[in-house]
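Novice: model the structure of this input:
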Amino acid sequence: MLAVAALEAAYGASQVLFGVSFRIGAGEVVTLLGRNGMGKTTTVRAMMGIMPTKAGAVTFGLYATKRGRRPLIRGVKGVCHSTPQSRSSRSR
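Specialist: Numbering: from 1, shown residues only. Modelled structure (predicted):
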């Protein structure tokens with residue numbers, strides 16, 4: 001359903017993602033876990049096209065993303081990103 005293959009991204013000259021690859025099948029629920037600064041948000045932003053990638057591919061069903069494609073198009077295809085803006089926005 002969703003496949004990420006050898007995804008690489010950088011902030012300027014600093015490469016921050018190195019060959020990230022995974023597959024998520026239909027009906028599976030997946031969470032990215034890790035400490036601050038480990039690349040969770042960067043991975044999702046790169047998958048969405050919100051930040052440019054240096055290499056790799058993202059495939060959603062039969063739809064393969066293309067570099068330079070607008071994030072809106074990826075969102076319409078079903079890949080989304082949501083991050084709480086502050087701790088106060090989380091339910092207690």
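
Novice: contacts and neighbour counts: CA atoms only from here.
Specialist: Fine.

Novice: so Met38 lies in a helix, does it not?
Specialist: No: read with DSSP: H, G, I helix; E, B strand; the rest coil, Met38 is coil and lies in no helix.

Novice: now do it against Glu28, distance only.
Specialist: Computed as Cα to Cα, to the nearest Å, the Met38 to Glu28 distance reads 23 Å.

Novice: between those two, which is the more surrounded one?
Specialist: Met38 (12 against 8; other Cα atoms under 10 Å).

Novice: distance of the more buried one from Thr59?
Specialist: Taken as Cα to Cα, the span from Met38 to Thr59 is 23 Å.

Novice: not counting sequence-adjacent ones, nearest residue to Met61?
Specialist: One correction, residue 61 is Gly, not Met. Distance criterion Cα to Cα, 6 or more residues apart in numbering; nearest residue to Gly61, sequence neighbours excluded, is Met1 at 4.6 Å.

Novice: kindly apply the preceding question to Gly34 instead.
Specialist: Once flanking residues are discounted, Gly34 sits nearest to Lys40: 7.0 Å by Cα to Cα, 6+ apart.

Novice: find me the pLDDT at the one you found, would you?
Specialist: Looking at Lys40, its pLDDT reads 92.

Novice: repeat that for Gly25.
Specialist: Looking at Gly25, its pLDDT stands at 92.

Novice: quick one: it from Ala5, how far?
Specialist: Gly25 is 14 Å from Ala5, by Cα to Cα.

Novice: so those two - more neighbours on which side?
Specialist: Ala5 (15 against 11).

Novice: buried ones in the host helix or strand of the more buried one, by neighbour count?
Specialist: Taking DSSP states H and E as the criterion, Ala5 maps to strand 2-11. By 16 or more other Cα atoms under 10 Å, the buried positions in strand 2-11 come out as Leu2, Ala3, Val4, Leu7, Glu8, Ala9, Ala10.

Novice: listing partners with orientation, what would you give for that strand?
Specialist: Counting by DSSP bridges, the strands paired with strand 2-11 are strand 14-24 (antiparallel), strand 53-60 (antiparallel).
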